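A.B. asks: coordinates only, no sequence provided:
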């Protein structure tokens with residue numbers, strides 16, 4: 001399984017996943033130029049190679065680029081997420097969608113959006129867990145995420161950085177709430193329960209520009225995972241800065 005994190009964070013989100021001749025995309029909050037650059041790592045020249053698009057939720061940093069596709073790509077999202085999406089393309093927690101050589105299993109996240117989803121992607125004997133924009137991970141999600149080969153974990157903010165920062169009180173409350181985002185501490189604490197024998201790569205994403213840094217996120221993760229004695233030497237831990245493309249899976 002090849003993975004290209006085209007971009008992650010408040011400035012835009014998009015991820016490409018390839019298995020064999022199948023390419024899918026998660027979220028479209030970036031430019032076509034960025035997508036084409038990501039596709040070049042997968043040996044594809046045009047967005048027409050993408051067979052399906054899966055949307056986590058309707059916030060602009062995840063869907064602002066949708067009009068660029070002009071509805072030419074099969075698109076899936078939770079009911080109520082996108083206008084004019086027919087019921088055959090509604091995502092339902094626990095109901096898998098097969099696209100070519102990939103299987104996408106959606107599970108509900110907890111965010112201030114309509115029916116937000118996160119995903120398990122299966123293909124080529126590999127398992128990829130995709131967690132973003134959620135205030136906490138529900139038990140159903142935790143069960144599905146255990147022992148993934150590859151994990152994307154939202155690690156949005158440092159608690160000290162957020163609460164001591166310049167954001168107004170209402171925004172701090174939203175981010176820190178049950179329908180907000182995962183802190184470095186909570187994200188790492190969840191991840192410590194998810195690592196298994198097959199886990200090879202852990203990526204930290206949606207890192208805030210104002211209330212976090214990749215260095216702070218990674219340091220928190222290492223502290224917690226080492227304390228739990230689950231961070232093996234063969235596991236790669238990578239914090240992805242915003243506006244940065246990152247390769248994963250068999251490309252890394």
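C.D. replies: Cool, the structure landed. Note that the structure is a prediction, hence the values are computed from the model and not measured. Numbers count the residues shown, from 1 in each chain.

A.B. asks: read off the pLDDT value for the spatially closest residue to residue 176 that is not a sequence neighbour.
C.D. replies: Leaving aside its sequence neighbours, residue 176 sits nearest to residue 162 (Cβ to Cβ, 6 or more residues apart in numbering; 6.4 Å). C-beta: built from backbone N, CA, C; applies to glycine. We have a pLDDT of 96 for residue 162.

A.B. asks: likewise for residue 45?
C.D. replies: pLDDT, read off for residue 45, is 88.

A.B. asks: helix, strand, or coil at the nearest residue to residue 117 once chain neighbours are set aside?
C.D. replies: Once flanking residues are discounted, residue 117 sits nearest to residue 106: 4.4 Å by Cβ to Cβ, 6+ apart. Counting by DSSP: H, G, I helix; E, B strand; the rest coil, the backbone at residue 106 sits in strand.

A.B. asks: sorry, back to before: pull out the buried residues from the helix or strand hosting the residue nearest to residue 176.
C.D. replies: If you go by DSSP states H and E, residue 162 is part of helix 159-163. By neighbour count on 16 or more other Cβ atoms under 10 Å, the buried set for helix 159-163 is 161-162.

A.B. asks: and stretch 64-79, by the same measure?
C.D. replies: Those would be 64-66, 69, 73, 75-78, for stretch 64-79 by 16+ other Cβ under 10 Å.

A.B. asks: report the contact partners of the residue nearest to residue 176.
C.D. replies: Residues near residue 162 by Cβ atoms under 8 Å, 6 or more residues apart in numbering: 172, 175-176, 183, 208, 211.

A.B. asks: ok, back up a step: what is the burial count for the residue nearest to residue 117?
C.D. replies: 27 (other Cβ atoms under 10 Å).

A.B. asks: please name the bridge partners of it.
C.D. replies: For residue 106, the beta-bridge partners are residue 119 (DSSP bridges).

A.B. asks: going by neighbour count, list what's buried in the host helix or strand of residue 36.
C.D. replies: Assigned by DSSP H and E, residue 36 falls within helix 32-40. Buried residues in helix 32-40, counted by 16+ other Cβ under 10 Å: 34-35, 38-39.

A.B. asks: I'd like those residues as CSV, with distance to residue 153 and pLDDT appended.
C.D. replies: Listed next are the buried residues of helix 32-40 as CSV, based on distance: Cβ to Cβ, whole Å; pLDDT from 0 to 100:
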residue, distance to residue 153, pLDDT
34, 22, 98
35, 23, 98
38, 20, 98
39, 25, 98
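
A.B. asks: ok so, going back, contact partners for the residue nearest to residue 117?
C.D. replies: Shown in contact with residue 106 (Cβ under 8 Å, 6+ apart): 54, 78, 91-95, 97, 117-119.

A.B. asks: tell me which of these fall in strands.
C.D. replies: Applying DSSP state E to these, the entries found in strands are 54, 78, 91, 97, 117-119.

A.B. asks: please enumerate the helices of the stretch 101-250 of the chain.
C.D. replies: Taking DSSP state H, counting those that start in this stretch as the criterion, the stretch 101-250 of the chain carries its helices at 139-145, 159-163, 169-176, 184-194, 214-227.

A.B. asks: quick one: list the elements packing against the helix holding residue 36.
C.D. replies: Where contact means 3 or more Cβ pairs under 8 Å, 6 or more residues apart in numbering; DSSP states H and E, helix 32-40 is packed against strand 2-7, strand 14-19.

A.B. asks: could you dump these into TSV with distance to residue 203 and mean neighbour count added?
C.D. replies: What follows is the helices and strands packed on helix 32-40, written out as TSV (distance: least, Cβ to Cβ, whole Å; neighbours: other Cβ atoms under 10 Å):
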stretch	distance to residue 203	mean neighbour count
strand 2-7	7	24
strand 14-19	10	25
